[in-house]
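Asks: sequence first, then the predicted structure:
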Amino acid sequence: MTEEIMTYVNDSLFGVWFLIGAALVFWMQAGFAMVEAGFTRAKNTGNILMKNLMDFCIGTVMFILIGFSLLLGEDLVGFIGKPGFDIFTAYESFDFSNFVFNLVFCATTATIVSGAMAERTKFLSYCVYSAVISALIYPIEAHWIWGGGWLSQLGFHDFAGSCAIHMVGGICALIGATILGPRIGKFSKNKDGKITKVNAIPGHNIALGALGCFILWLGWYGFNGAACTSLEQLGSVFLTTTVSPAVATVVCMIFTWIKYGKPDVSMCLNASLAGLVAITAPCDVTDALGSIIIGAVAGLLVVFGVWLLDYKLHVDDPVGAVAVHMMNGIWGTLAVGLFATNTAPGYSIADANGNELVGLFYGGGFKLLGLQALGVVSVAAWAAVAIVITFFVIKAIFGLRVTEEEETVGLDSMEHGLTSAYAGFAIMDTVNTMEVNENTDLGVSDYTEATKTQKDAAVKVVSASTPATATGIYKVVIIAKLSRYDKLRRAMNALGVTGMTVTQVMGCGVQKGGGEKYRGVEVDATLLPKVKVEVVVSKIPVETVIEAAKKTLYTGHIGDGKIFVYDVAKVVKVRTGEEDVAALQDVE
């Protein structure tokens, strides 16, 4: 009796954990939304949030209608589940938990594609794609792996979805982004149409991206652990699910620090996700050493993937979805054939004859690795063919890409009538490209050594003052780089100027190349943060103010700053009623 009670309690406990895990996987939708929104521009945030919401909602409808039965219905020749409507006709005996669990996984597959196609896809077309992948593409290949299909019968192992979810989503993302084409301004071309330069388009909010990464990492404990059936197995899965992304992130940090001179924040966030993707298939069958190696490779593979898409394939993937999900989905699936060990709790990989299979590095030979490779190739082929047909049909019927005007203005406004996802904040798209070159570098960075011509070219002075209108009171407006403000303030104070009006503005000009990189691509921004300083002087010679400002701002490049001088016809101090020079005496 005691044993029966304990069995019942154990089964009930893990049944509850199964549903809690499903809830954690659902919460990952928020993580995907935050990562994608943070890694893209503010003008498209509402569109991205809407796509992530509709991925789940449309996916739910399609999963009810056909997806669930294709995945877990009665097996038909190892290829698909038998379509049916048990959810309507036999609700009293319906497998509620399995439906919810598999639904949240299905929605994850669809969401992966959103990031790679962000900022230029028609919303209607995206909704149609999301319906197709949830209804047909994902359920059929997932049946092969988890629904009793032909791959599972052979002994193929993908515990939580490196292949079934991440690789499939990544392949769809790669094909979608390729057909769609890059965002405006991502690549520079010469007159022959050949790509000559990759341009960085930084995300508008890395803090959101980091929040999304942490949400996803938390959700991954449900993603990988929900199907565990013993405490020992659950503990082992939690361990490998922690170790792999942590190692991947450290490796990525070190590598980008060496390669780019500074550790890349967004790439390290991608590396955490890459380590999670890679451990998803082997999380239940590998040990600590295996998860360390899997994570280390993932940390390097994600950097390589981003570089490959940018510099060789010229595919624009704003969030790194292909590098994270496709490449590491493939790696994680193959890693089962290398690192699977029967020392892992609850180990159960066996071939069609019931013979236990272990990984190559644990003495199992190439058989399991071969089965894993077969699964990768088969599922990839299905996903690629199905999604190519899907996208070309959608393109022919609805069109796939928004117009140039819609992309430039932003999808929030043009697709959803949303003025901004950040009402009350001034959000400006600062991405375009201008380069420092031989025509902008003046060759001398020391102000004392520069000629008058070089000084005038770097910091232009425009005077609207004329002898006929001169009153002896002048307004000097200085436009400078934000980084020079503190020095400029001290220089003005040293002259005796104690009052000034300061405004932070955006300036259009050339930025001195400092080698800053975003995801391995050098950043050149046309709209740059500037500061506008306004002072009014009478007793202090205006020429002295101009010279001090020029000396402070000069770095030897065109675009160091501009100075405008205006006559002031009248000054009135409101508090005392004093006018003109007298009104300025407590300011200078």
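Replies: Sure, I can see it.

Asks: helix or strand right after the helix or strand encompassing residue 145?
Replies: Element membership for residue 145 (DSSP states H and E) is helix 138-146. Using DSSP H and E, the next helix or strand after helix 138-146 towards the C-terminus is helix 150-154.

Asks: check the gap between residue 110 and residue 126 for me.
Replies: Distance, residue 110 to residue 126, by CB to CB, to the nearest Å: 10 Å. C-beta: built from backbone N, CA, C; applies to glycine.

Asks: ok, these two, which is more surrounded?
Replies: Between residue 110 and residue 126, counted using other CB atoms under 10 Å, residue 110 has the larger neighbour count: 30 against 26.

Asks: in which helix or strand does the more buried one reside?
Replies: helix 96-116.

Asks: what about residue 569, neighbour count?
Replies: Applying other CB under 10 Å, we find 9 other residues in the vicinity of residue 569.

Asks: thought it was touching residue 471?
Replies: Yes: between residue 569 and residue 471 a contact is recorded at 6.2 Å, counting by CB atoms under 8 Å.

Asks: what lines up beside the longest strand along the chain in the sheet?
Replies: When the chain is scanned for its longest strand (criterion: DSSP state E), the result is strand 527-537. Strand 527-537 has its sheet partners listed here by DSSP bridges as strand 474-481 (antiparallel), strand 501-508 (antiparallel).

Asks: go through the helix or strand just after the first one and flag the buried ones.
Replies: Of the helices and strands lying after strand 474-481 in sequence (DSSP H and E), the nearest is helix 485-495. Judged by neighbour count using 16 or more other CB atoms under 10 Å, the buried positions of helix 485-495 are 485, 488, 489, 491, 492, 495.

Asks: the first one and residue 565: what is the separation?
Replies: Separation of residue 485 from residue 565 (CB to CB) stands at 20 Å.

Asks: what do you get for residue 380?
Replies: Distance from residue 380 to residue 565, by CB to CB: 67 Å.

Asks: for residue 550, same thing?
Replies: Residue 550 is 12 Å from residue 565, by CB to CB.

Asks: over to residue 245?
Replies: From residue 245 to residue 565 the distance is 58 Å (CB to CB).

Asks: more neighbours: which of the two?
Replies: Each of residue 245 and residue 565 has its neighbours counted (other CB under 10 Å); residue 245 has more, 27 against 19.

Asks: for that one, give me its contacts.
Replies: By CB atoms under 8 Å, 6 or more residues apart in numbering, the contact list for residue 245 reads 217, 220, 271, 272, 273, 274, 275, 276, 279, 295, 298.

Asks: before we move on, what about residue 59?
Replies: Residue 59 neighbours (CB under 8 Å, 6+ apart): 67, 103, 106, 107, 110, 130, 131, 134.

Asks: redo those as a markdown table? Include distance to residue 14.
Replies: As requested, the contacts of residue 59 are exported to a markdown table (distance: CB to CB, whole Å):
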| residue | distance to residue 14 |
| --- | --- |
| 67 | 25 |
| 103 | 19 |
| 106 | 22 |
| 107 | 23 |
| 110 | 28 |
| 130 | 32 |
| 131 | 33 |
| 134 | 27 |
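
Asks: how about low-confidence regions in the stretch 451-588 of the chain?
Replies: 457, 464-470, 507-516, 523-528, 586-588 (pLDDT under 70).

Asks: apply 80 and report the result again.
Replies: 451-471, 482-483, 498-499, 506-529, 557-559, 580-588 (pLDDT under 80).

Asks: same check on the stretch 51-200 of the chain?
Replies: Residues of the stretch 51-200 of the chain meeting the criterion pLDDT under 80: none.

Asks: spell out the residue ranges of the strands in it.
Replies: Secondary structure of the stretch 51-200 of the chain (DSSP state E, counting those that start in this stretch): strands at 75-76, 80-81, 187-189, 195-198.

Asks: switch those over to CSV; also include mean neighbour count and distance to residue 171.
Replies: Converted to CSV, the strands of the stretch 51-200 of the chain look like this (neighbours: other CB atoms under 10 Å; distance: least, CB to CB, whole Å):
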stretch, mean neighbour count, distance to residue 171
strand 75-76, 16, 25
strand 80-81, 22, 20
strand 187-189, 14, 22
strand 195-198, 14, 23
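
Asks: let me have those in a markdown table, extended by distance to residue 167.
Replies: Output for the strands of the stretch 51-200 of the chain, formatted as a markdown table (distance: least, CB to CB, whole Å):
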| stretch | distance to residue 167 |
| --- | --- |
| strand 75-76 | 22 |
| strand 80-81 | 19 |
| strand 187-189 | 27 |
| strand 195-198 | 26 |
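
Asks: that's a strand at residue 564, yeah?
Replies: Yes: assessed by DSSP: H, G, I helix; E, B strand; the rest coil, residue 564 belongs to a strand.

Asks: OK, contacts around it?
Replies: Contact partners of residue 564, counting by CB under 8 Å, 6+ apart, are 461, 462, 463, 464, 476, 477, 478, 479.

Asks: got a winner among the residues you listed for most neighbours?
Replies: residue 478 (28 neighbours).

Asks: partner residues bridging that one?
Replies: With DSSP bridges as the rule, residue 478 is bridged to residue 533, residue 563.

Asks: my guess is it contacts residue 561. True?
Replies: Yes: assessed by CB under 8 Å, residue 478 is found in contact with residue 561 at 6.5 Å.

Asks: now do the shared contacts for the two.
Replies: Common neighbours of residue 478 and residue 561 are listed as 549, 553 (criterion: CB under 8 Å, 6+ apart).

Asks: picking that back up, out of the strands of the stretch 51-200 of the chain, which is closest to residue 87?
Replies: strand 80-81 (13.3 Å; CB to CB).

Asks: how far out from the middle of the chain is the closest one?
Replies: The gap between where strand 80-81 is centred and where its chain is centred comes out at 35 Å by CA atoms, centre = their mean, to the nearest Å.

Asks: and the helices in the stretch 251-400 of the chain, which stretches?
Replies: Along the stretch 251-400 of the chain, counting by DSSP state H, counting those that start in this stretch, helices occupy 265-280, 288-307, 321, 328-339, 367-397.

Asks: that concludes my questions; thank you for your assistance.
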